[in-house]
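A.B. asks: sequence and predicted structure are below.
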Amino acid sequence: MIDAMNIHTKTPDDPSIDPLSFIGRDGKDAPVMWELVRKLQAERSLVEFIKQAWDIVEPGQPYTHGWHIDFMAAHLEAITDGVSVNGQRYNRLLVNVPPGHMKSMLLMLWSCWEWGPRNMPHLRYICASHSIDIAIRDNQRARRLIESEWYQKHWGDRVKLHKDQNMKSKFENVHGGFRQAVAAGGITGLRGDRVMIDDPMSVDGAASEAVRESTNTWFLEALPTRLNSPINSAIIVIMQRLHELDTSGVILENNLGYDHVMLPLEYDPDRAFATKLGFEDPRQHVGEILFPERFPPSVVERDKKALGPYAVAGQFQQIPAPRGGGIIKREYWINWTEEKFPGFDYIMAAVDTAYTMKKENDYSAMTVWGVFTGNPYAVATKVLRRDGTLVDASREVDMRVYDEQRPRLMLIHAWQVRLPFHELVEKIAGTCKDLHIDKVLVEGKASGISVEQELRRLYGHETWGVQITNPGAYDKVARLTSVEPIFAEGMVYAPDRKWADTVIDQCASFPKTKHDDLVDTVSMAVRHLRDLGMLVRGAEWTANIHTDMQFAGNGSNEPLYPA
């Protein structure tokens, strides 16, 4: 019989050895050999360990595997293996996945895998969640697994729990490793080798500005000082997106060096990207389900109806469109698919200026818009019915033909930057010149007035004009709401460009978005064009057409438009 301990000590250090090669050497020992092989497979692979441990942590619930489990596990294994990426220790990981995709269970099982199968019982885990009850629940699961007959049989020589420190919220092993459950924000006095944060905010908590600020302050200021080794210790955040300013948003906004694993429930190729380890979402078709073995399309559609668009965006798609937001919905924008823009009758820009260029302040932003109309149609004043009778066009003409002449609006450029005053003025002027802008609007707040004056002083000879606009007593929400019908009626187009997506996303998230500078320019521009009479809603356009047709020619037979 093969010496189990000898195999165990050799195999982790020599991955070239195939555990299956030990089977068949002696037929009577095959069951023993197979058990040994499974033990070695569990030591090599976190996913294999999960499959073998499943019946202990979830008795009565059959294990269902999905490729996303391999995907997430590979990034946790890289932390275990001490992988380096671009000369830096790989130890910061952010995972955004939908609920029900085994994120909590994965972290819990990973800690048990590192202690026993990977022979790292010295590691200390601090496990935080928005609710201490959830953190304790996973602690109990881990303790139950470690104390199980199966785990102790294979790795009991490495992992023995202290009897005097074996509680639900914290248990410790004889090698100094421990696993402690805390509520997010309650890490004071603790230090760990692994800080695992599972959903630091609840759905209700993410909707509270006070809770978000408190949790994010804890994450940014308290948590980094609670690591045993600033170089080697790891922080793992695994959560669903609930708000643009949730903990994930803070990590991404501040470029904190985390590898980002983002797996939406329904595949969106425009948001797919490779992780630092080079892993990519293997799905290829738009809308392809992440975990169809557990959430088939019929179940997804059922749950989407129950959750509503806000929860679907954040919890399913990992797009934090805030509750109460979405005045200008994404679907309102019409995608311009032609390679070239149409000929524009009028081009204007709107600028929202920041007071300073400090990072914590707002951006200065500019959007550029073109007004265009459809192809002109020759419209007769008489229409021949199928029965051969001639009737007045004013009563039976297809209004869709006239509607083609109604002006439309195109977003043709956008940017948001933090620049010193004179560089900002030059950037605005350069955009106006490059895009042949007719007029640029500048919001009349303190910094805007200075920008407008400088533009007039330096570029007063140019063909484009500058105008200060004052929003008056209306707040930002009221201003955007006032132009919403123009978008809702399908009058606004945007090309498939990254800068256009930024504008669309910010409008869809408003008023709960962190930055709203582009949103201000959108409402400013559309409101101005509306006041000028250049953008007319469908009902108004139809009424005008009927009026023109009624009085055209004062009863003569002259056509409204030349044939």
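C.D. replies: Nice, I can see it. Numbering: from 1, shown residues only.

A.B. asks: where does the chain dip in pLDDT?
C.D. replies: Residues of the chain meeting the criterion pLDDT under 70: 1-30, 188, 321-325, 355-361, 374-405, 446, 473, 512, 537-563.

A.B. asks: next secondary structure element downstream of the helix or strand that contains residue 504?
C.D. replies: Residue 504 belongs to helix 498-509 when assigned by DSSP states H and E. The element immediately downstream of helix 498-509 (helix or strand, assigned by DSSP H and E) is helix 517-532.

A.B. asks: so which elements touch the helix holding residue 504?
C.D. replies: In terms of contacts (3 or more C-beta pairs under 8 Å, 6 or more residues apart in numbering; DSSP states H and E), helix 498-509 is packed against strand 408-417, strand 492-495, helix 517-532. No exception for glycine: its C-beta is placed from N, CA and C like everyone else's.

A.B. asks: of these, give the one that comes closest to residue 224.
C.D. replies: Taking C-beta to C-beta as the measure, the helices and strands packed on helix 498-509 were each checked against residue 224, and strand 408-417 came out nearest at 29.0 Å.

A.B. asks: quick one: the spatially most central residue of the chain from residue 189, how far?
C.D. replies: For the chain, the residue sitting closest to the mean C-alpha position, by C-alpha atoms, centre = their mean, is residue 319 at 3.6 Å. Relative to residue 189, residue 319 is positioned 37 Å away (criterion: C-beta to C-beta, to the nearest Å).

A.B. asks: picking that back up, where does the residue nearest to the centre of the chain land in three-state SS?
C.D. replies: Three-state call for residue 319 (DSSP: H, G, I helix; E, B strand; the rest coil): coil.

A.B. asks: quick check: it touching residue 313?
C.D. replies: Yes - because the distance of 4.5 Å satisfies C-beta atoms under 8 Å, residue 319 is recorded as touching residue 313.

A.B. asks: follow-up on the earlier one: pick the most buried one from the helices and strands packed on helix 498-509.
C.D. replies: Comparing those by mean neighbour count (mean count of other C-beta atoms under 10 Å), helix 517-532 ranks first with a mean of 22.

A.B. asks: just checking, what packs against it?
C.D. replies: Under the contact criterion of 3+ C-beta pairs under 8 Å, 6+ apart, the helices and strands touching helix 517-532 comprise strand 346-352, strand 364-372, strand 408-417, strand 439-443, helix 476-488, helix 498-509.

A.B. asks: tabulate those (JSON lines), appending distance to residue 529.
C.D. replies: What follows is the helices and strands packed on helix 517-532, written out as JSON lines (distance: least, C-beta to C-beta, whole Å):
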{"stretch": "strand 346-352", "distance to residue 529": "7"}
{"stretch": "strand 364-372", "distance to residue 529": "7"}
{"stretch": "strand 408-417", "distance to residue 529": "7"}
{"stretch": "strand 439-443", "distance to residue 529": "10"}
{"stretch": "helix 476-488", "distance to residue 529": "9"}
{"stretch": "helix 498-509", "distance to residue 529": "16"}
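
A.B. asks: out of those, nearest to residue 461?
C.D. replies: Distances from residue 461 to each of those were compared by C-beta to C-beta, and the smallest falls on strand 439-443, at 14.9 Å.

A.B. asks: strand partners of the closest one, parallel vs antiparallel please.
C.D. replies: Strand 439-443 has its sheet partners listed here by DSSP bridges as strand 346-352 (parallel), strand 465-469 (parallel).

A.B. asks: over to the residue nearest to the centre of the chain: give its phi and psi.
C.D. replies: Summarising the backbone geometry of residue 319 under the convention degrees, to the nearest 10, its torsions are phi -110, psi 110.

A.B. asks: over to residue 239?
C.D. replies: Backbone torsions for residue 239, taken as degrees, to the nearest 10, come to phi -160, psi 170.

A.B. asks: now it: closest residue in space, sequence neighbours ignored.
C.D. replies: If you skip the residues right next to it in sequence, residue 239 has residue 199 as its closest partner in space, 4.8 Å away by C-beta to C-beta, 6 or more residues apart in numbering.

A.B. asks: can you give me the neighbour number for that neighbour?
C.D. replies: Applying the criterion other C-beta atoms under 10 Å, we find 25 residues in the vicinity of residue 199.

A.B. asks: and it, what does it touch?
C.D. replies: If you count contacts by C-beta atoms under 8 Å, 6 or more residues apart in numbering, residue 199 has them with 104, 129, 130, 134, 238, 239, 240.

A.B. asks: at 6 Å what do you get?
C.D. replies: By C-beta atoms under 6 Å, 6 or more residues apart in numbering, the residues touching residue 199 are 129, 130, 239.

A.B. asks: can you get me a residue count around residue 511?
C.D. replies: Applying the criterion other C-beta under 10 Å, we find 16 residues in the vicinity of residue 511.

A.B. asks: wait, it sits on residue 479?
C.D. replies: No - between residue 511 and residue 479 no contact is recorded; they are 10.9 Å apart, counting by C-beta atoms under 6 Å.

A.B. asks: now residue 267: phi and psi?
C.D. replies: Residue 267 has phi and psi values of phi -60, psi 130 when expressed as degrees, to the nearest 10.

A.B. asks: can you tell me the SS state at residue 128?
C.D. replies: Classified using three-state DSSP, residue 128 is strand.

A.B. asks: please name the residues that touch it.
C.D. replies: For residue 128, counting by C-beta under 6 Å, 6+ apart, the contacting residues are 182, 184, 197.

A.B. asks: so it bridges to which residues?
C.D. replies: Listed by DSSP bridges, the beta-bridge partners for residue 128 are residue 182, residue 197.

A.B. asks: report the buried residues of the helix holding residue 504.
C.D. replies: Across helix 498-509, burial judged by 16 or more other C-beta atoms under 10 Å covers 499, 500, 501, 502, 503, 504, 505, 506, 507, 508, 509.

A.B. asks: just the CA atoms of it, as PDB, please.
C.D. replies: Listed in PDB are the C-alpha atoms of helix 498-509, where the atom choice follows Å, rounded to 0.1, in the frame of the first residue of the first chain:
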ATOM      1  CA  LYS A 498     -17.500  55.800 -25.000                       C
ATOM      2  CA  TRP A 499     -18.100  59.500 -24.300                       C
ATOM      3  CA  ALA A 500     -21.700  59.100 -25.300                       C
ATOM      4  CA  ASP A 501     -22.100  56.100 -22.900                       C
ATOM      5  CA  THR A 502     -20.700  58.300 -20.100                       C
ATOM      6  CA  VAL A 503     -23.400  60.900 -20.700                       C
ATOM      7  CA  ILE A 504     -26.200  58.300 -21.000                       C
ATOM      8  CA  ASP A 505     -25.100  56.500 -17.900                       C
ATOM      9  CA  GLN A 506     -24.900  59.700 -15.800                       C
ATOM     10  CA  CYS A 507     -28.300  60.800 -17.000                       C
ATOM     11  CA  ALA A 508     -29.800  57.300 -16.200                       C
ATOM     12  CA  SER A 509     -28.300  57.400 -12.700                       C
END
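
A.B. asks: understood, closing this out.
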